[in-house]
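Participant: Coordinates for the following, if possible.
(2 chains)
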Amino acid sequence: MALLKSNKVFYCLGNISPSLGVLSTRNSSWWGGVQMGPPDPILGVSEAFKKDTNPKKMNLGVGAYRDDQGKPFVLSCVRKAEAVITAKQMDKEYLGIVGLGEFTKSCAQLAFGADNEVLKSGRNITVQTISGTGSLRIGANFLSRFHGGPRDVYLPKPSWGNHTPIFRDAGMQLKAYRYYDPSTCGFDFKGALDDISKIPEQSVIMLHACAHNPTGVDPKPEQWKEISDIAKKRNLLVFFDMAYQGFASGDINRDAWAVRYFIEQGHNILLSQSFAKNMGLYGERVGGFTVVCNDAEEAKRVESQLKILIRPIYSNPPMNGARIAATILNTPDLHSLWLEEVHSMADRIIKMREQLAAGLKKEGSSQNWQHVIDQIGMFCFTGLKPEQVERLTKEFSVYMTKDGRISMAGVTSGNVGYLAHGIHAVTK
Amino acid sequence: MSVFCEVPQAAPVAVFKLSQDFNNDQFPNKVNLGVGAYRTDEGQPWVLPVVKKVEKIIVHDDRLNHEYLPILGLPEFRSSASKIVLGDDSPAIQENRVGAVQCLGGTGALKMGAEFLRRFYNGNNNTKTPVYVSAPTWENHNAVFANAGFDDVRPYKYWDGEKKGLDLPGFLGDLESCPEHSIFVLHACAHNPTGTDPTQEQWQQIADVMMRRQLFVFFDSAYQGFASGSLDKDAWAVRYFVSMGFEMFCAQSFSKNFGLYNERVGNLTIVARDADNLKRVLSQMEKIVRTTWSNPPSQGARIVANTLNSPELFTEWKDNVKTMANRVLLMRAQLKAKLQALGTPGTWDHITEQIGMFSFTGLNSKQVEYMVKERHIYLMASGRINMCGLTTKNIDYVAESIHETVTMVQ
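Facilitator: As a prediction, the model looks like this:
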């Protein structure tokens, strides 16, 4: 009774003074129980880096390419494509739910090769997505709704940190197969095959097409063949994440080899593609999601369901980046220029790897740093332990994630010597 | 044997199917009154002059690159977008309890808000909290909230088909009888699809009940400026609710008022009790964003931010917006006048009383079918027309068609 009375009192007060009425009977916010979300580990690295006043500081957390001056790099082919687009003065009408046709077509061609039988038969459906994350999310949602097999998605151990929450949010469950061997800083081939051979039939297995994130460790072609065989034997649904095509070896065909091999072997794969790194279009959010189906009729059905999935998330995708990517891919001289620029980005990374390994040798390190050269792509799993990472950060202002991962993109000819010195200091 | 051989063909989204059918129609005098995008009097899409200007500036600025935006979006965009709807002098902004998430269009903003509410509102992961959307409403509202995990998305009374106006008693009745803490999706202005907005006095009544019954306010603001031609006027309801002290969400779209449809520019404005609550809310929003699209696209946000933050460009933009709003108002006036001149059965005051891009003509589904099949005029089965599809060249044909339809088909 007293509570009822006090409700009335508050309501009356509310009439007199709206701001008091705000207090309501709960006298609190709707969000009183909302916890502070855990800080993003990689963002945290960048924040701390920003605050550091050491002139020699290095940010090796960043997952974006930097040139040899440590600056963001806008590709010439991108600037040229932008000029072409601006001159055309196009309208800004909504794209269809599945995105820009010229983009999705060339996106699929890039992955599979223009002559691929999949494209010729029209048995793929490729939709434009919000970069790689958006692609994975659509894929996860699609699996959650339509995959009749187990709810488990098998990720390599370790995998990109965001894979897990993406699939989980979509209602899938996560499991792992052995992948990285910390004793060799290389591929645990035996462990991987062993684990994969035990995965229940029809489960989903995620494979990094090239430049594995975070380890930089990729299977060799003969190893891919065996993985394909066993995945086939186990009737697994293969989901490729290809975020670095061209960026890994410098050669777009070489980097897509695993994807194309699996298709050849009869896997009807799912594929996520990102153009964030290989075209430097990070903030424009350019990506693609592909389902390889049995035939064109099935592809049409799958497409119709993908539309139903996409519409309540963001209706239709952003034009700008897709238009740039499509212009580059479909204009012969821009396409060639792009291949050159991708090659030079990959080359710079490879050179930094060589210089880092050489620098460590020069410092007198007795450790084996071969993995720095053997690993591929933007990231290098140094093998540094958390305590060593902490020292590297505290004493040398070198910022990286606790797992020992460094972004080679943050290394330049100007600072590679300093980095070698620091790593040697904490590991000798 | 494919994993996907059981996947059924889904029905196409109606509004896009309509456009497709229109495109395939060979009739020379066909008219598209379907999808909601502005058209000039020549029936052409219109890239706002201020947008063209700003795009040129952006493309020639060598200091700009394509790096990732922060997870929550471009800071200059988020703050200026929130200011636009809440007002420069908003006390809530001054009290540091307003935050924002840059999203993929208005849809994306609704999505983020819905996902957050499902996780954290009215308990944790309470999928049973009823979400009320107006009857009728934009068809995607239902899907956005259902897909975010809400089990119970229901209609609240809104459109009175008989009197062709707002069913206020029905609306208030639903507000009084719904479960406490229900979420209500309110159209800030230019209600889609009816074009019928509550008056200020009616908004006050709605707000009173919502405050007393502790209902959650979720505004959808897709047409600010586009409805009356005045940004402030179109934001009145949102600002009134803020002044009442609600904690609330407002999903904003810049698709229509900036003509930036395909760049997907949206903003979820969050008004919280205080800065501390806001901080925690934003930290959780980041988690949701990260697993959906990681970070939002930069082009559209840059265009809007540059415009809103430059006094000259801002003035030019307001002018462009007025141009669009005024053309719509002109078409409304002319359509009503022509129908009245033709002596078309029924009353047509609602054409000019309604506001924004859309008009609920009152045509029933049989009449709509006649319009499409016999007159090649494409409109939604609900009788909704996009006023922007009308031009000085086709308005006579449309008026005559409505006249013929209403006379021939009951």
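
Participant: residues touching A:Thr215, list them.
Facilitator: The contact partners of A:Thr215, by Cβ atoms under 8 Å, 6 or more residues apart in numbering or on different chains, come to A:158, A:179-180, A:375, A:379, A:381, A:405. (Each C-beta comes from the backbone N, C-alpha and C, glycine too.)

Participant: Neighbour count added to the residues you listed, as CSV?
Facilitator: Formatted as CSV, the contacts of A:Thr215 follow (neighbours: other Cβ atoms under 10 Å in any protein chain shown):
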residue, neighbour count
A:Pro158, 17
A:Tyr179, 22
A:Tyr180, 21
A:Gln375, 22
A:Phe379, 25
A:Phe381, 22
A:Arg405, 23
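
Participant: Among those residues, name the ones in helices.
Facilitator: Assigned to helices by DSSP state H, none of those qualify.

Participant: ok, those vs B:Pro311, which is closest?
Facilitator: A:Phe379 (45.2 Å; Cβ to Cβ).

Participant: Distance of the closest one relative to chain B?
Facilitator: Using Cβ to the nearest Cβ, to the nearest Å, A:Phe379 is found at 16 Å from chain B.

Participant: Residue of chain B nearest chain A, please.
Facilitator: The nearest approach of chain B to chain A comes at B:Gly245, 3.0 Å away (Cβ to the nearest Cβ).

Participant: quick one: that residue from A:Phe49, how far?
Facilitator: 41 Å (Cβ to Cβ, to the nearest Å).

Participant: thinking again about what came up before, any chance of the contacts of A:Thr215 in JSON lines, plus pLDDT?
Facilitator: JSON lines is the format used below for the contacts of A:Thr215 (pLDDT from 0 to 100):
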{"residue": "A:Pro158", "pLDDT": "97"}
{"residue": "A:Tyr179", "pLDDT": "98"}
{"residue": "A:Tyr180", "pLDDT": "97"}
{"residue": "A:Gln375", "pLDDT": "96"}
{"residue": "A:Phe379", "pLDDT": "95"}
{"residue": "A:Phe381", "pLDDT": "95"}
{"residue": "A:Arg405", "pLDDT": "94"}
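
Participant: Could you chop chain A up by domain?
Facilitator: Chain A is divided into the following domains under the TED database: A:42-73+A:345-426, A:94-330.

Participant: Among those, show me which one is buried the most.
Facilitator: When the domains of chain A are scored by mean count of other Cβ atoms under 10 Å in any protein chain shown, the highest mean neighbour count falls to domain A:94-330 (a mean of 21).

Participant: Counting by contacts, list what the helix or strand hosting A:Glu340 packs against.
Facilitator: Assigning secondary structure by DSSP states H and E places A:Glu340 in helix A:332-363. Packing partners of helix A:332-363 (3 or more Cβ pairs under 8 Å, 6 or more residues apart in numbering or on different chains; DSSP states H and E): helix A:76-88, helix A:319-330, helix A:370-374, helix A:416-427.

Participant: Could you save these as JSON lines and add columns showing mean pLDDT?
Facilitator: Putting those into JSON lines (pLDDT from 0 to 100) gives the following:
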{"stretch": "helix A:76-88", "mean pLDDT": "96"}
{"stretch": "helix A:319-330", "mean pLDDT": "98"}
{"stretch": "helix A:370-374", "mean pLDDT": "96"}
{"stretch": "helix A:416-427", "mean pLDDT": "97"}
